[in-house]
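**Student:** What follows is a predicted structure for the sequence shown.
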Amino acid sequence: MGHLNKLAKEIHRNAVDHGWWDDERTFGDIIALCHSELSEALEEYRAGRPKVWFACTEGETPSVCEPADEFDCLMHGNEESCKYKSAKPEGIAIEMIDCLIRILDWCGRHDIDVDTLLAMKHEYNKTRPYKHGGKQL
């Protein structure tokens, strides 16, 4: 089993274990949930927040712990000294990852061979002409 297929199964198992599939979801539900994660990424971007940050609380005042802050951030090997170990990761990149998690959850639910199909589509895309279709975006 490829890496993404294994990850999709693990992500789906976690979603099931946490009750997110107690009621069957429609395909429309899945699409809407993906849209909501992408909208959250856009809102993070519009707010000028970093790609990854942690919602830390020092006393009563919430603050943004940015990955560039090597003394507060969990991403710089300071996990043992960080007082924000349980801080929830936030930011543009995290919301994009949340969309991937939603997609992989659905793929895991429906036994989609993510590794094979991703490679197949990537190989096809490499054969397409420059800015194929004439569209601007």
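**Tutor:** Happy to help now that I have it.

**Student:** Okay, Tyr130 and Ile97: tell me how far apart.
**Tutor:** 30 Å (C-beta to C-beta, to the nearest Å). Every C-beta, even on glycine, is put in place using the N, C-alpha and C of the backbone.

**Student:** Same question for Leu118.
**Tutor:** 16 Å.

**Student:** what about the residue most central in space within the chain, which helix or strand?
**Tutor:** Nearest to the centroid of the C-alpha atoms of the chain, with distances taken as C-alpha atoms, centre = their mean, sits Ile97, at 1.2 Å. Here Ile97 sits within helix 92-109, counting by DSSP states H and E.

**Student:** how far out from the middle of the chain is that helix?
**Tutor:** For helix 92-109, the distance from its own C-alpha centre to the chain's C-alpha centre is 5 Å (C-alpha atoms, centre = their mean, to the nearest Å).

**Student:** and if you look at stretch 20-36?
**Tutor:** Distance, stretch centre to chain centre, for stretch 20-36: 15 Å (C-alpha atoms, centre = their mean).

**Student:** Give the ranges of residues in this protein that sit below the confidence cut-off.
**Tutor:** Applying pLDDT under 70 to the chain flags residues 55-87.

**Student:** all strands for the chain, in order.
**Tutor:** 53-58, 61-65, 89-90 (DSSP state E).

**Student:** How about the contacts made by the closest residue to His3 other than its chain neighbours?
**Tutor:** Closest residue in space to His3, ignoring its immediate chain neighbours: Asp115 at 6.8 Å, by C-beta to C-beta, 6 or more residues apart in numbering. Shown here is Asp115, whose contacts under the criterion C-beta atoms under 8 Å, 6 or more residues apart in numbering are Gly2, His3, Leu4, Asn5.

**Student:** From these, list the buried ones, please.
**Tutor:** In terms of neighbour count (16 or more other C-beta atoms under 10 Å), the buried residues within the contacts of Asp115 are Leu4, Asn5.
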